[in-house]
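Student: Sequence first, predicted model second:
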Amino acid sequence: MTSPLNAVTQDLPMVVIVGPTASGKSSLGIWLAQKLGGEVVACDSTQLYRGFDIGTSKPTLEERAGIPHHLLNVLDVDEAATAGGYREKAIQVLNDLRERKKLPIFTVGTGLYLRALLLGLAEVPLRSEELRERLRESAAGQGPGYLYRVLRKLDPGAAKKISPSDQQKLIRAVEVCLLTKKPLREVYESGRKPLEGWRAIKIGLQPEREKLMERVNARTDAMLQRGWMEEVRGLMEQAKSDQAKPFDFLGYSELRLVCRGQKTLQEARLAIQQATRQYAKRQVTWFRREPEVHWLSAFGDEEKVREQALAIIKNAT
């Protein structure tokens, strides 16, 4: 089938598939790529890391079915994943796909990264380690609640959205307010540069909640059977420190405790299933706020949904 990018249009189409974990985004993305001559672009903060494969639901080489995938395995364990860094890499991929007339098909697990790509990033000041250290010292000296009280004076609206116990977010919020002398909302709404030259066709997967939770539980068991525990052991042996950010990913943090002898595998299994169910619910809430999404009420590996998604793309191009 001819790629939609062969059409003469100013803004080229890009397909964006959103939905909760275990809803079948990767399966649908690969199928659409086969039908439309496209290539898959992962939009997931966890899949950027090399070696963290099973627990991040990274599609295997067999599952990719010969379809090129981008933005998988681009970071080492000790490198930082950021929305800005993702946007920069994604734009490079888009430029390459434009030149080769290939349809980009984004499979989105991290909604913040999609927002950064499509809407751009605000001109937020860089971290000031000197200021952060002063804030930490003040917090230690003044006791619990100090940073929250400071933020409430500087920006009451931002304070309502941050837990009084989340010191990391409080420090960043206070830091930005002090450096810019503006409330956070004003800072984050300024200086954005939306993505140019592309038109997003958004498809959302929203399977029935009970069936989704069943699939989440079954997928956790399948991951463990595939060797997830062994993967975590190997990563911990290779890494300079198991305190690196990827070891805090959902599932990896629980299995790290098993490796340390602080939790049984059965305890970890149940904890992973529960945490994944909660994560899926948060993703549903986030993606429901995404504008102009064509919602499909089933999994991405169902034939009916695939045909519906294909029809949506054809009608939009």
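Tutor: Received, thanks.
Student: Now K263. Nearest residue, chain neighbours left out?
Tutor: L257 (4.0 Å; CB to CB, 6 or more residues apart in numbering). Bear in mind the C-beta positions are built from the backbone N, C-alpha and C, glycine included.
Student: what about the one you found, neighbour count?
Tutor: When neighbours are defined as other CB atoms under 10 Å, L257 has 14 of them.
Student: That one: which element?
Tutor: If you go by DSSP states H and E, L257 is part of helix 252-259.
Student: Quickly note the distance from the residue nearest to K263 to L265.
Tutor: 10 Å (CB to CB, to the nearest Å).
Student: In terms of pLDDT, where does the residue nearest to K263 sit?
Tutor: pLDDT for L257: 97.
Student: Equivalent analysis for M1, please.
Tutor: 52.
Student: same question, K169
Tutor: For K169, the model assigns a pLDDT of 90.
Student: Chain neighbours aside, what residue packs nearest to it?
Tutor: Using CB to CB, 6+ apart and skipping residues adjacent in sequence, the residue nearest K169 is I162, 5.0 Å away.
Student: ok, now which ones touch the one you found?
Tutor: Counting by CB atoms under 8 Å, 6 or more residues apart in numbering, I162 touches 148, 151, 169-170, 173.
Student: Recalculate using a threshold of 10 Å.
Tutor: I162 makes contacts with 147-148, 151-152, 155, 168-170, 172-174, 184, as judged by CB atoms under 10 Å, 6 or more residues apart in numbering.
Student: residue ranges with poor pLDDT in this structure?
Tutor: For the chain, the stretches with pLDDT under 70 are 1-9.
Student: Please enumerate the strands of it.
Tutor: Using DSSP state E, the strands found in the chain span residues 12-18, 38-43, 69-70, 103-108, 198-205, 293-296.
Student: Kindly list the longest helix within the protein.
Tutor: In the chain, assigned by DSSP state H, the helix with the most residues is helix 265-288.
Student: what's the angle from that helix to strand 198-205?
Tutor: Counting by axes from the mean of the first three to the mean of the last three CA atoms, to 10 degrees, helix 265-288 points 130 degrees away from the direction of strand 198-205.
Student: follow-up on the earlier one: so which of the contacts of I162 is surrounded by the most neighbours?
Tutor: Ranking those using other CB under 10 Å puts V174 first, with 26 neighbours.
Student: my guess is that residue contacts T180, does it?
Tutor: No: using CB atoms under 10 Å, V174 is not in contact with T180, being 11.3 Å away.
Student: these two touch, right, P183 and K161?
Tutor: No: P183 lies out of contact with K161 (CB under 10 Å); the separation is 11.7 Å.
Student: Having no further points to raise, I will conclude here.
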